[in-house]
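Asker: sequence first, predicted coordinates after that:
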Amino acid sequence: MNKASLMIDIEGSSLSQEDIELIESPHVGGLILFERNFLDRSQITDLCFEIKSKKPEIIIAVDQEGGRVQRFKKGFSQIPPMQRLGDMVSHDKQAGLDLCKNTGWLVASELIASGVDLSFSPVLDLDQNSSSIIGDRAFSDQIDIVIDCARAFIYGMNEAGMACVGKHFPGHGSISEDSHIEKPIDQRTLNEIENKDLIPFKELINNLDGIMTAHILFSEVDTRIATFSKVWIKQILKEQMKFEGMIFSDDLSMEGTNEFISFYDKTKNAINSGCEMILICNNREGVKDALKYFENNNVEASEKIFSMLMANDVSWTDLEKNKIRVEISTQLEKLIQ
């Protein structure tokens with residue numbers, strides 16, 4: 001039996017009794033926060049403290065990529081889209097890579113100081129001017145720039161004490177459809193994908209603590225979307241690429257997963273494909289249905305959870321005194337203007 005846990009969300013800026021009961025389930029190993037959960041820095045820090053008081057080993061995660069995907073803003077450094085960093089690297093490689101590393105450190109440090117273990121970063125997709133959902137979230141359309149930027153960003157995250165999760169395996173940048181609202185179909189051959197989208201994942205495989213899957217059907221490779229595909233996850237990612245980190249599904253509430261109707265079946269197929277952290281957002285009934293699968297099949301949690309928890313203890317008091325943080329924030333603000 002494959003080992004896995006469930007990552008859930010909450011509705012408000014504090015925990016309800018139902019939230020607490022779900023967090024305390026032995027099958028819930030993670031909690032993802034959104035903009036709706038955030039009021040200010042003090043509140044989010046208190047919320048994370050409360051969550052950890054209920055279950056110290058739970059992974060608290062957020063999407064804090066920068067640009068249009070930055071959930072926490074007030075009191076946090078404003079992070080530009082990653083493509084601004086990629087553009088800088090293309091014009092001044094060393095200065096750009098230094099800023100990539102510093103940005104990774106900054107994002108991770110501010111989140112750790114708030115009690116958050118993990119930002120789902122970096123994006124390893126290539127911006128091929130066709131994806132409505134990726135676009136400037138990607139560092140570049142050039143493979144070497146994506147690899148160099150992501151590696152530097154990861155170094156910065158790790159230096160701060162945060163693990164990293166590359167996404168969206170095996171690549172989301174080549175199709176126009178948004179998997180949040182429909183099931184994208186990529187008709188390229190495996191050879192074409194291996195020679196393009198997969199290269200950043202392969203090159204950084206030993207730098208990544210986790211990988212998040214894409215809800216995309218690669219019709220020339222398998223009949224299932226990547227999240228539900230044993231070919232992509234077990235055969236290619238685990239066996240061929242030798243990846244040993246934690247594999248996260250993207251949100252199973254997204255329309256791209258609707259080849260299965262029930263969350264029971266979605267969870268079953270994601271776990272059977274090799275996913276080890278099953279993400280379900282914005283659907284509390286779906287979470288409860290997924291938990292039935294965990295309970296009925298006695299699914300055990302993966303010990304990989306512990307490698308995803310924050311490794312350092314950083315305080316906001318220390319960060320606010322840190323001149324380097326101020327310098328990095330100032331540099332990034334110039335890229336946003």
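Answerer: Here it is on my side, so go on.

Asker: out of everything not next to it in sequence, what's closest to D141?
Answerer: D127 (4.8 Å; CB to CB, 6 or more residues apart in numbering). (Each C-beta comes from the backbone N, C-alpha and C, glycine too.)

Asker: now do the same for that neighbour: helix, strand or coil?
Answerer: Secondary structure state of D127, per DSSP: H, G, I helix; E, B strand; the rest coil, is coil.

Asker: ok, E259 to S174 distance?
Answerer: 20 Å (CB to CB, to the nearest Å).

Asker: and what of Q64?
Answerer: 25 Å.

Asker: cool, F294 as well?
Answerer: Separation of F294 from S174 (CB to CB): 34 Å.

Asker: swap in I225?
Answerer: In terms of CB to CB, I225 sits 15 Å off from S174.

Asker: wait, is N102 part of a helix?
Answerer: Yes - if the criterion is three-state DSSP, then N102 is within a helix.

Asker: check contacts around it.
Answerer: Shown in contact with N102 (CB atoms under 8 Å, 6 or more residues apart in numbering): G156, I324, I328, Q331.

Asker: and the first one, what element?
Answerer: If I follow you right, that is G156. helix 143-160 (DSSP states H and E).

Asker: now do the last one
Answerer: Assignment of secondary structure by DSSP H and E places Q331 within helix 323-336.

Asker: also A163?
Answerer: Using DSSP H and E, A163 falls outside every helix and strand.

Asker: got a pLDDT number for the residue nearest to it when sequence neighbours are not counted?
Answerer: What sits nearest to A163 in space, not counting adjacent residues and going by CB to CB, 6+ apart, is D209, at 3.7 Å. Looking at D209, its pLDDT is 98.

Asker: picking up where we left off before, out of I225 and S174, which sits in the more crowded spot?
Answerer: Using other CB atoms under 10 Å as the criterion, I225 and S174 rank with I225 on top: 28 against 22.

Asker: from P184, how far out is that one?
Answerer: 9 Å.

Asker: so where's the stretch 101-250 of the chain uncertain?
Answerer: The stretch 101-250 of the chain contains residues with pLDDT under 70 at 129-132, 176-183.

Asker: that one: helices as residue ranges?
Answerer: 143-160, 190-194, 198-203, 230 (DSSP state H, counting those that start in this stretch).
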